[in-house]
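S.K.: 3D model of this:
(2 chains)
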Amino acid sequence: MSAKKKEQVYNKGLDSAFLAVYNGYSFFIRFFREAFKGRMEFQEIIKQCYAIGNKSLLLIGMTGFITGMVFTKQSRPSLAEFGAVSWLPSLVAIAIVRALAALVTALISAGKIGSSIGAELGSMRVTEQIDAMEVSAVNPFKFLVVTRVLASTISIPILMFYCTAVSLLGAYMNVALNEGTSFRAFFENAFEQITFLDIFTSLAKAVAYGFTIGIVGCYQGYNANKGTEGVGKAANSAVVISMFLIFIEEVIIVQVSNYFRI
Amino acid sequence: METLNRAEETLSGETLSAEPVIEIQDLHKSFGDLHVLRGVDLKVDKGENVVVLGRSGTGKSVLIKIIAGLLRQDRGKCHVLGQEASSLNDKQLRDLRMKIGFSFQNSALYDSMTVRENLEFPLVRNIANLSRSEVNEQIEYVLDAVGLLQTINQVPSELSGGQRKRIGIARTLILKPEIMLYDEPTAGLDPITCLEINELINEVKEKYHTSSIIITHDLTCARATGDRIAMLLDGQFLRQGTFEEVFETQEPQVKSFYDYNFIQ
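M.R.: Next up, the predicted model:
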């Protein structure tokens, strides 16, 4: 490949990267512009909240329970070395509340809800259903995007609290089976070290993750093209991009919350 | 290029003046390096059915998407009911779209909704303060008009191709449009269903007094539904006139189009 050709390819790639960032930014701004304008589709938001919760409840419950149980089992030997097994409930609770529950919920939701939103809107785009809404004088962005992003932002924190509870239950089962600790003693010990900041940070994370999963899924689906191939690509990109953004947000939120902790 | 305009059109026993509802001048549209429309001129009078014929990829669907405001032209004028769609704000565009019905090639029915919900969706969002009984009455009226009242509680996946086309048309009729845009209304349908759809297009014109643009490459549909035919070739209208006027020519591209439809 000649140097000129290489430069052309490089410039084209750079152009599309900037264009993608600009389009993503415009979509993000449009969400806030449309969300507070005109009639709110409450019925559709509730329908989407139900769909998101219903789709993920079992999977998040099972994953959360196993995470709590396995994390407790893996942490025991290290604490036992220092004769600190009695700290196990506190350690597990801190890990679950501060990091694990929000991350487990977000990653499972990114896979399950993000891909589903991407595929659904993508297939609506390629079968011209979104165009049909537009020519029927209905705002498809408001009906499809705003409702799904809000539903995801509302549902993920609820699922996160559910995941926290189930993970702690898994941890308790492991501790009860091994150390014979009572339910009350376990939870008193577990919540001793949990502060309001921990819960608030978790909630903030879950809200950010929910918004990210919703907006990335909607963006990918809403802008899908190239037929069925585009639908698959939209679903796949929705998962990959939202997972990547979730980890970036995790780092930022942890840094900010640590600043307040000190 | 040959342009033959009609001065007056008689419709349902009443005489309508030749008032243009769509006026297109020197319309250009490109997608990257592909110059699809290269200076299109078209006028659709009130109460007139204009059929746009042309091979696949000549920009027929692009033309009606520009009219409906789904795409923007690069250059030229596109006046719909006296308004330039590309210069309207969101609210004005929404108001204009309420007067335009668009029947999509693949019907574009909302597949997660029943037929009733498909029809109710644009109605309740565009017309405020309708009671439940008024909504039901209007849904039943348009379903009856397309002859599919019995499908009211079915979902699109349970319908045949022809039924989906009819429901798609019913969904546009519920807002009582002044202009109908049909994108390949008979594509992928058997000959009998094609005839039924052609009849429906003519019935819509009579019952709802609409002006229409019908995009097709089916000459049977063109002859049955069009008051005027416009032949789109290489991004421009090569010929316009009645069916006979357009095809009374030795122009090889037009002749081959005719021969393909009626001889093969």
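S.K.: Helix, strand or coil: sort out the nearest residue to residue B:54 once chain neighbours are set aside for me.
M.R.: Nearest non-adjacent residue to residue B:54, counting by C-beta to C-beta, 6 or more residues apart in numbering or on different chains: residue B:232, 3.5 Å away. C-beta here means a position set from N, CA and C on the backbone, and glycine is covered the same way. For residue B:232, the assignment made with DSSP: H, G, I helix; E, B strand; the rest coil gives strand.
S.K.: Might you report the residue contacts of residue B:232?
M.R.: B:40, B:52-54, B:58-60, B:63, B:238 (C-beta atoms under 8 Å, 6 or more residues apart in numbering or on different chains).
S.K.: Residue numbers of chain A in contact with chain B?
M.R.: Residues of chain A lying close to chain B (C-beta under 8 Å from any C-beta of the partner chain) are A:39, A:124, A:127-129, A:131-139.
S.K.: let's go with 7 Å and repeat that
M.R.: A:127-129, A:131-132, A:134-138 (C-beta under 7 Å from any C-beta of the partner chain).
S.K.: Could you tell me the phi and psi values at residue B:183?
M.R.: Dihedral pair for residue B:183: phi -100, psi 110, per degrees, to the nearest 10.
S.K.: Counting neighbours, what do you get for it?
M.R.: Using other C-beta atoms under 10 Å in any protein chain shown, residue B:183 has 25 neighbouring residues.
S.K.: who's in contact with it?
M.R.: By C-beta atoms under 7 Å, 6 or more residues apart in numbering or on different chains, the contact set of residue B:183 is B:61, B:64, B:103-105, B:215.
S.K.: at 8 Å what do you get?
M.R.: With C-beta under 8 Å, 6+ apart, residue B:183 has these contacts: B:60-61, B:64, B:102-105, B:215.
S.K.: ditto for residue B:184
M.R.: Residue B:184 makes contact with B:61, B:105, B:215-217, according to C-beta under 8 Å, 6+ apart.
S.K.: Mind doing that once more with 7 Å?
M.R.: Applying C-beta under 7 Å, 6+ apart, one finds that residue B:184 lies in contact with B:105, B:215-216.
S.K.: so of those, which ones are in strands?
M.R.: Using DSSP state E, the subset of the contacts of residue B:184 located in strands is B:215-216.
S.K.: May I see the PyMOL selection of the buried members of the contacts of residue B:184?
M.R.: If you want just the buried ones from the contacts of residue B:184 in PyMOL, going by 16 or more other C-beta atoms under 10 Å in any protein chain shown, the selection is:
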select buried, chain B and resi 105+215+216
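S.K.: Go through the contacts of residue B:184 and name the one nearest chain A.
M.R.: When the contacts of residue B:184 are compared for distance to chain A (C-beta to the nearest C-beta), residue B:105 comes out closest, at 7.7 Å.
S.K.: Does the closest one touch residue B:186 like I think?
M.R.: No - the criterion here is C-beta atoms under 7 Å, and residue B:105 misses it with residue B:186 at 10.1 Å.
S.K.: ok, back up a step: going by distance to residue A:59, which of the contacts of residue B:183 wins?
M.R.: Closest approach to residue A:59 among these (C-beta to C-beta): residue B:104, at 36.4 Å.
S.K.: does the closest one really touch residue A:133, like I thought?
M.R.: No - counting by C-beta under 7 Å, residue A:133 is not a contact partner of residue B:104; they are 11.3 Å apart.
S.K.: coming back round to it: tell me the spacing between the residue nearest to residue B:54 and residue B:23.
M.R.: 17 Å (C-beta to C-beta, to the nearest Å).
S.K.: same question, residue B:166
M.R.: Residue B:166 is 30 Å from residue B:23, by C-beta to C-beta.
S.K.: Between the two, which has more neighbouring residues?
M.R.: Neighbour comparison, residue B:166 and residue B:23: the larger count goes to residue B:166, with 25 against 17 (by other C-beta under 10 Å).
S.K.: What lies in contact with whichever strand or helix holds the more buried one?
M.R.: For residue B:166, the element it lies in under DSSP states H and E is helix B:161-173. For helix B:161-173, contacts defined as C-beta under 7 Å, 6+ apart pick out B:101-104, B:107-109, B:115, B:118-119, B:122, B:142-143, B:145-148, B:151, B:156, B:159, B:180, B:185, B:188-189, B:193, B:196-197, B:200, B:204, B:208.
S.K.: If any of those residues are buried, give me the PyMOL selection for them.
M.R.: Per 16+ other C-beta under 10 Å, the buried members of the contacts of helix B:161-173 correspond to this PyMOL selection:
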select buried, chain B and resi 101+102+103+104+107+108+109+115+118+119+122+142+143+145+146+148+151+156+159+180+185+189+193+196+197+200+204+208
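S.K.: Compute the inter-axis angle for the longest helix seen in chain B and helix B:161-173.
M.R.: Counting by DSSP state H, the longest helix found in chain B is helix B:191-208. Per axes from the mean of the first three to the mean of the last three C-alpha atoms, to 10 degrees, the angle that helix B:191-208 makes with helix B:161-173 is 10 degrees.
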